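Visitor: below: sequence and its predicted model.
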2 protein chains.
Amino acid sequence: MQSPFDDTYFMKRALQEAEAAFEKGEIPIGAVIVIDNRIIARGHNLTETLTDVTAHAEMQAITAAANFLGGKYLQNCTLYVTLEPCQMCAGALYWSQISNIVYGARDTERGCINLETKLHPKTNIKGGVLADEASDLLKRFFIEKRNLN
Amino acid sequence: MQSPFDDTYFMKRALQEAEAAFEKGEIPIGAVIVIDNRIIARGHNLTETLTDVTAHAEMQAITAAANFLGGKYLQNCTLYVTLEPCQMCAGALYWSQISNIVYGARDTERGCINLETKLHPKTNIKGGVLADEASDLLKRFFIEKRNLN
């Protein structure tokens, strides 16, 4: 029997988080952390609301997941995030020793791949899951923002 | 007249934060953020206490400084930190657009210099201020920890 809990399912949940950020006027990026097909943490970008550059979706999800697990390492966990993580978030993921990172859209300018941020040897990374949806949401946000200014 | 508020003065304050971490059984790293010779934020490593890999001294200081200033950018601010920042913290400092980073000891393995984390073009970085004091504190911590286990 096929499990309904695949990468697309969890990325859609991350996209819901991104939409929640959008509604708050935040750059729409969302994340969930999953262990054994169960979402244990969620986060969306809150840098404007909290006036804090560290309040990226991934950072909040990492903190929440560790809190849920009662331990700071995220072994056997998968992060789903709508946009490729930046250096800060990839650096935090390094420390977390997370098993898998799945991102949606690429961020060729500020993402960890082109900037060659070091990931933990235990961490696998793959991208492109619902990339168009993630990217469209970001484009829509910046178009609306430009029209408001 | 010579100002008593020089790099050594502020690094000593960062070392006091590192000592506070030591007393809590945390890897002893401390930081302060300064604007116009005034300390506006402090932080020390709390990764064990908070069970959170993101709870580095610098991350807490960045959040506290932005909270104090009421804005997320740390222009005209200087971060003093006892150990060279890691990728995560350097990535956060990139987003903060902080003007200056002054660190104590080098971290050749996990520090941002050898790992080539990108800093903001507005940011200057220099190191070696009270490096021996910062390094001695770390060594003492790991010796004590080894003897306890």
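Guide: Okay, I see it.
Visitor: up against chain B, what does chain A have?
Guide: Counting by Cβ under 8 Å from any Cβ of the partner chain, the residues of chain A lying close to chain B are A:47-48, A:51-54, A:59, A:62-63, A:66-67, A:70-73, A:86-92, A:94-96, A:115-118. C-beta coordinates here come from the backbone N, C-alpha and C atoms, glycine included.
Visitor: would you list the buried entries among those?
Guide: Buried members of the residues of chain A next to chain B, scored by 16 or more other Cβ atoms under 10 Å in any protein chain shown, are A:47, A:51-54, A:59, A:62-63, A:66, A:72-73, A:86-92, A:94-96, A:115, A:117-118.
Visitor: end-to-end on stretch A:22-30?
Guide: One end of stretch A:22-30 to the other measures 10 Å (Cα to Cα, to the nearest Å).
Visitor: need the contact partners of it.
Guide: Contact with stretch A:22-30 is made by A:14-21, A:42-49, A:56-57, A:81-83, A:137-138, A:140-141, as judged by Cβ atoms under 8 Å, 6 or more residues apart in numbering or on different chains.
Visitor: picking up where we left off before, which of the buried ones among the residues of chain A next to chain B fall within helices?
Guide: Secondary structure assignment by DSSP state H places A:59, A:62-63, A:66, A:87-92, A:94-96 of these in helices.
Visitor: need those in JSON lines (columns: distance to residue A:147).
Guide: Putting these into JSON lines (distance: Cβ to Cβ, whole Å) gives the following:
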{"residue": "A:59", "distance to residue A:147": "30"}
{"residue": "A:62", "distance to residue A:147": "34"}
{"residue": "A:63", "distance to residue A:147": "34"}
{"residue": "A:66", "distance to residue A:147": "40"}
{"residue": "A:87", "distance to residue A:147": "31"}
{"residue": "A:88", "distance to residue A:147": "30"}
{"residue": "A:89", "distance to residue A:147": "29"}
{"residue": "A:90", "distance to residue A:147": "33"}
{"residue": "A:91", "distance to residue A:147": "35"}
{"residue": "A:92", "distance to residue A:147": "34"}
{"residue": "A:94", "distance to residue A:147": "39"}
{"residue": "A:95", "distance to residue A:147": "40"}
{"residue": "A:96", "distance to residue A:147": "38"}
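Visitor: pick out the most distant pair among the residues you listed.
Guide: Using Cβ to Cβ, the pair of those lying farthest apart is A:66 and A:87, separated by 20.2 Å.
Visitor: below-threshold pLDDT in chain A: ranges please.
Guide: In the prediction, chain A carries residues with pLDDT under 70 at positions A:1, A:149.
Visitor: quick one, helices of it?
Guide: Under DSSP H, chain A gives helices at A:7-23, A:57-69, A:87-96, A:131-148.
Visitor: return the most buried member of the ones you listed.
Guide: Relative to the other members of these, helix A:87-96 carries the highest mean neighbour count by mean count of other Cβ atoms under 10 Å in any protein chain shown, namely a mean of 28.
Visitor: and it, what other elements does it pack with?
Guide: Contact analysis of helix A:87-96 by 3 or more Cβ pairs under 8 Å, 6 or more residues apart in numbering or on different chains; DSSP states H and E lists helix A:57-69, helix B:87-96 as its packing neighbours.
Visitor: next, the angle helix B:57-69 makes with that helix.
Guide: Between the direction of helix A:87-96 and that of helix B:57-69, the angle (axes from the mean of the first three to the mean of the last three Cα atoms, to 10 degrees) works out to 140 degrees.
Visitor: ok, and what's touching helix A:87-96?
Guide: The contact list for helix A:87-96 (Cβ under 8 Å, 6+ apart) reads A:54, A:56, A:58-59, A:62, A:66, A:72-74, A:77, A:79, A:81, A:85, A:101, A:110, A:112, A:115, A:117-120, A:123, B:47, B:53-54, B:86-92, B:94-95, B:117-118.
Visitor: again, only this time at 7 Å
Guide: Contacting residues not belonging to helix A:87-96 are listed as A:54, A:56, A:58-59, A:62, A:73-74, A:79, A:85, A:101, A:112, A:115, A:117-120, A:123, B:53-54, B:86-88, B:90-92, B:94-95, B:117-118 [Cβ atoms under 7 Å, 6 or more residues apart in numbering or on different chains].
Visitor: equivalent analysis for stretch A:39-47, please.
Guide: Here stretch A:39-47 has contacts from A:13, A:17-18, A:20-21, A:26-27, A:29-34, A:53, A:55-58, A:60-61, A:64-65, A:68-69, B:72, using Cβ under 7 Å, 6+ apart.
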